[in-house]
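Enquirer: Predicted model and sequence follow; I will ask about them next.
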Amino acid sequence: MINSTQVSYFILSAYFETGGFKYLYFLLILSLYVFIVCANVLLIVVICVNRSLHEPMYLFLVSLFVNELYGSTGLFPFLLVQILSDIHTVSAPFCFLQIFCLYTYGTREFWTLAVMSYDRYLAICYPLQYHTRMTTNKVAVLIALTWLLSSVGVSVTISLSVPLQLCGNIIKTVYCDNYAIVKLACSDTRVNNIYGLSYTSLEVVGLLILILYTYMRILKVCFSGSKQTRQKAVSTCTPHLASLINFFFGSFFQVVQSRFNMNSVPMMLRNVLSLYFLTCQPLFNPLMYGLQMSKIRSLCKRLIFGKM
């Protein structure tokens with residue numbers, strides 16, 4: 001039996017021999033990472049330097065884009081090193097650090113999208129009272145809570161995993177995953193499973209109820225309101241709805257590939273499914289919000305090309 005103090009490193013067995021193609025994969029992943037960083041940083045700068053965008057909706061977008069930079073940085077540099085490496089190992093402390101980064105990223109993304117749905121609900125259902133209900137202080141508190149609660153919840157998850165006695169150190173993924181480590185345990189994992197199931201269920205159910213409630217109220221206002229109200233609702237909610245759908249697809253792929261036996265699926269496809277959850281939002285959101293929201297789109301053009 002190998003206990004957790006004796007496991008100094010983990011082996012990532014999902015990498016496969018690519019030969020000379022590893023340099024092509026390296027360039028593709030590097031290009032994707034550079035694009036994600038540039039796109040998210042550009043939108044953060046545009047929102048921060050333009051006072052006309054210092055509104056609750058855009059401040060929540062800044063939090064969303066910062067979180068995507070955070071999640072991407074927890075994944076892509078590690079992937080780039082592993083692609084060029086011939087020995088796919090990672091030290092135990094770094095592995096748990098990466099788990100913390102990736103799990104807090106995913107949790108925070110969900111919290112932020114739920115808070116943004118509440119913001120859209122206030123803007124459409126209570127337009128005259130919006131700025132009194134969604135003050136700057138309230139925005140700051142909501143953003144702080146999304147970052148704090150996600151960090152606390154994931155910290156408890158990791159603190160329960162670190163002391164586990166492990167019977168091996170081979171993880172069948174391309175990055176560190178807490179559930180994969182728990183499956184290696186030869187000690188009792190009931191506390192881990194109970195906490196993980198309870199925490200995930202309460203979080204998912206609670207936030208889904210909030211999102212569904214806000215959009216039911218928005219739909220009610222749209223059907224009973226004027227054409228102008230419907231147009232405003234569509235223009236402001238379309239990017240958010242698209243981001244939510246994309247996030248749920250990524251979450252579904254992540255659950256399928258991590259919880260079910262995927263040995264019959266080619267390794268390449270399994271890796272793509274596992275990476276989609278961590279790359280879909282950082283890649284998709286800047287494009288969606290940058291292209292769909294006319295105010296951001298015009299300010300991006302002015303920042304890049306100068307005043308027309």
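Expert: Received it, and whenever you're ready, just let me know what you need. Residues are numbered from 1 along each chain as shown.
Enquirer: Only C-alpha atoms from now on, for both contacts and neighbour counts.
Expert: Noted.
Enquirer: Could I get the contacting residues of residue 109?
Expert: Residues in contact with residue 109 (Cα atoms under 8 Å, 6 or more residues apart in numbering) are 64, 67.
Enquirer: what's it sitting at in phi/psi?
Expert: As for residue 109, its main-chain torsions (degrees, to the nearest 10) stand at phi -60, psi -40.
Enquirer: Can you check the pLDDT for it?
Expert: Residue 109 carries a pLDDT value of 94.
Enquirer: Likewise for residue 200?
Expert: So, for residue 200, pLDDT stands at 88.
Enquirer: Look up how far residue 177 lies from it.
Expert: 15 Å (Cα to Cα, to the nearest Å).
Enquirer: quick one: which of these two has more around it?
Expert: Higher neighbour count among residue 200 and residue 177: residue 177, with 19 against 14, using other Cα atoms under 10 Å.
Enquirer: Verify the stated contact: the more buried one with residue 99.
Expert: Yes: using Cα atoms under 8 Å, residue 177 is in contact with residue 99, at 5.9 Å.
Enquirer: for residue 128, helix, strand, or coil?
Expert: Applying DSSP: H, G, I helix; E, B strand; the rest coil to residue 128 yields a three-state assignment of coil.
Enquirer: Would you map the helices across the protein?
Expert: 22-49, 56-84, 92-125, 130-133, 136-161, 178-183, 190-224, 227-259, 267-292, 294-305 (DSSP state H).
Enquirer: okay if I get the ones you listed as CSV plus distance to residue 11?
Expert: CSV is the format used below for these (distance: least, Cα to Cα, whole Å):
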stretch, distance to residue 11
helix 22-49, 19
helix 56-84, 11
helix 92-125, 10
helix 130-133, 51
helix 136-161, 17
helix 178-183, 11
helix 190-224, 22
helix 227-259, 17
helix 267-292, 16
helix 294-305, 43
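Enquirer: among those helices, which is nearest residue 170?
Expert: Checking the helices of the chain against residue 170 by Cα to Cα gives helix 178-183 as the closest, at 8.6 Å.
Enquirer: buried ones in the closest one?
Expert: 178, 179, 180, 181, 182 (16 or more other Cα atoms under 10 Å).
Enquirer: and which of those is nearest residue 263?
Expert: Here the nearest of those to residue 263, counting by Cα to Cα, is residue 180; it sits at 14.6 Å.
Enquirer: Where does pLDDT dip in the stretch 151-300 of the chain?
Expert: When residues are selected by pLDDT under 70, those of the stretch 151-300 of the chain lie in 225, 291-297, 299-300.
Enquirer: Quick check: residue 290 touching residue 44?
Expert: No: in this structure residue 290 lies outside contact range of residue 44 using Cα under 8 Å: 10.9 Å.
Enquirer: and the residue lying closest to residue 37 once chain neighbours are set aside, what is it in contact with?
Expert: Spatial nearest neighbour of residue 37, excluding adjacent residues (Cα to Cα, 6 or more residues apart in numbering): residue 69 at 6.3 Å. The contact partners of residue 69, by Cα under 8 Å, 6+ apart, come to 36, 37, 40, 282.
Enquirer: likewise residue 170?
Expert: Residue 170 makes contacts with 10, 11, 12, 13, as judged by Cα under 8 Å, 6+ apart.
Enquirer: Check the residues you listed against residue 79 and report the nearest one.
Expert: Using Cα to Cα, the contacts of residue 170 come closest to residue 79 at residue 12, 11.2 Å.
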